[in-house]
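[1] could you look at this predicted model? Sequence included:
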Amino acid sequence: MDATRTLTLLVAWITLTLQPSSAWTLEPQPGQIYSSGTTLTITSLGVSLNIPEGWRAALSPDGEALHMEPLSGGAMLLVFADTMNQAKALETMQGPVPLDSGLQLHLEGQVTQARSGELSASYRIPYQSHLSALGHAQTDHNGTSIALFLIAPVTDLAALKPSLQAAANSVTFNKRHTSPTTSKTVTQETSKDLWADYLKGKHIVRFFSGSGYTEEQHIWLCSDGGYYRSFNGGGWGGGASGAAQSHYTGKWRATGAGEHGQLHLHNQSGAVSTYQLRWDFAKSHLYVDGKRWLHDENKACQ
């Protein structure tokens, strides 16, 4: 991450039911959602931080950023870390900091630097006058930097600032651990990895947000062949309320094995929707019609 590299940050809404918070220390994994009280560690960079009380977090699909949101929704805290010296961190904080869908954070005033070297700044978001942002960054003596950006409605920013400070205060820098390289090639067991077996009993979900619009899709694939599907769309701070809400039920089946397959949803009216499936064996990522989907605990059915 440097001043010339576009920072692709996940802008997504996470509205899932979580397990009670616990004092876990974990390496964040794609597709997993973490509750408050969890310490997340990037061992390759030797940096850790805690999820603030009342917040939850998930790793972005590309693995480049950590996204947090309060349980009540309506705001987000984006966190990313990389090798970067103090000068580069300052240059990056001065922005503009690109988000998805063409949104950017534009600096308001100056970046301030504390005696400890920590950086802080305020930002505006062009064409989104109801939103504002705060940024915080710190760098250790080994050249590892971590940056946090809190984005929220202008009216809520001050109330949420303590959560940004709590996350920033929890940051610790430790010894880096480099994962050993391996020449092992990931194999694709086309005869065993049946999509029907993999999806049975799963809850898969996709989140999207950009230009003031948020969307979430859930599909619960029951072991008995039934499914539940939910689609929610809405605006900042409101989620699905008042915008669009759809719920479907019916039967599902999956065909194919290995890297590619198809998901067929037969709804109660008789209509069939077919989706192209792909599994990235190297990253353990699920793609539906070319979009990255996550998976979560299925509490609707088995």
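    Received it, and whenever you're ready, just let me know what you need. Numbering: from 1, shown residues only.

[2] where in the chain is pLDDT low?
    For the chain, the stretches with pLDDT under 70 are 1-26, 30-31, 61-64, 99-102, 175-193, 208-215, 232-248.

[3] need the longest helix for it.
    What stands out as the longest helix in the chain, according to DSSP state H, is helix 157-169.

[4] now do the buried residues in that helix.
    Residues of helix 157-169 classed as buried: L157, L160, S163, L164, Q165, A166, A167, A168 (neighbour count, 16 or more other CB atoms under 10 Å). Just so you know, the C-beta spots here come from the backbone N, C-alpha and C atoms, and that holds for glycine as well.

[5] these into CSV, with extra columns for distance to D82?
    Supplementary listing: those in CSV, determined by distance: CB to CB, whole Å:
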residue, distance to D82
L157, 26
L160, 25
S163, 23
L164, 19
Q165, 22
A166, 22
A167, 17
A168, 17
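
[6] and of these, the nearest to L286?
    A167 (28.5 Å; CB to CB).

[7] nearest residue to the closest one in space, please, no chain neighbours.
    P52 (5.3 Å; CB to CB, 6 or more residues apart in numbering).

[8] what lines up beside the helix or strand following the longest helix of the chain in the sheet?
    Downstream of helix 157-169, the next assigned helix or strand under DSSP states H and E is strand 172-173. Applying DSSP bridges to the sheet, strand 172-173 is found paired with strand 47-50 (antiparallel).

[9] would you mind writing the CA trace of the strand it pairs with as PDB?
    Taking C-alpha atoms only, strand 47-50 is exported to PDB below (Å, rounded to 0.1, in the frame of the first residue of the first chain):
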ATOM      1  CA  VAL A  47      -0.300  -6.200  14.000                       C
ATOM      2  CA  SER A  48      -3.400  -6.800  16.100                       C
ATOM      3  CA  LEU A  49      -6.500  -4.900  17.200                       C
ATOM      4  CA  ASN A  50      -9.700  -5.600  19.100                       C
END
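
[10] name the residues that touch it?
    Residues outside strand 47-50 that contact it (CB atoms under 8 Å, 6 or more residues apart in numbering) are 25, 37-42, 79, 81, 140, 144, 146, 166-168, 170-174.

[11] of those, buried ones?
    38, 40-42, 79, 81, 140, 144, 146, 166-168, 171, 173.

[12] I219: which of these is nearest?
    Nearest to I219 among these, with distances taken as CB to CB, is T38, at 26.1 Å.

[13] and the gap between L221 and Q302?
    Taking CB to CB, to the nearest Å as the measure, L221 falls 10 Å from Q302.

[14] in which helix or strand does the residue nearest to A167 reside?
    P52 is part of no helix or strand, with elements assigned from DSSP H and E.

[15] residue numbering should commence at 367 henceforth.
    Happy to do that; since the first residue is 367 now, the last one works out to P418.

[16] for it, give me its contacts.
    Applying CB under 8 Å, 6+ apart, we find P418 in contact with S402, M434, L443, S529, A532, A533, S536.

[17] would you format these as TSV with distance to I570 included?
    Formatted as TSV, those follow (distance: CB to CB, whole Å):
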residue	distance to I570
S402	24
M434	21
L443	25
S529	29
A532	32
A533	28
S536	31
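
[18] show the contacting residues for Y593.
    Y593 sits next to I585, W586, L587, Y614, T615, G616, K617, W618, L631 when contact means CB under 8 Å, 6+ apart.

[19] wait, G627 sits on L643?
    Yes. Proximity of G627 to L643 meets the contact threshold set by CB atoms under 8 Å, at 4.2 Å.

[20] quickly list what's touching both of those two.
    W561, A620.

[21] got the end-to-end distance for stretch 632-649?
    End-to-end distance for stretch 632-649: 30 Å, by CA to CA, to the nearest Å.

[22] can you check stretch 394-402 too?
    Terminal-residue distance, stretch 394-402 (CA to CA): 13 Å.

[23] and the helices in the stretch 417-566 of the chain?
    Along the stretch 417-566 of the chain, counting by DSSP state H, counting those that start in this stretch, helices occupy 452-459, 523-535, 561-565.

[24] now the first one, how far from the chain's geometric center?
    Shown here is helix 452-459, whose average C-alpha point lies 24 Å from the average C-alpha point of the whole chain (CA atoms, centre = their mean, to the nearest Å).

[25] swap in the longest one?
    Here the centre of helix 523-535 is set off from its chain's centre by 19 Å, with CA atoms, centre = their mean.

[26] elements contacting it?
    Contact here means 3 or more CB pairs under 8 Å, 6 or more residues apart in numbering; DSSP states H and E; on that basis helix 523-535 packs against strand 413-416, strand 432-436, strand 442-449, strand 497-505, strand 510-519.

[27] alright, calling it a day.
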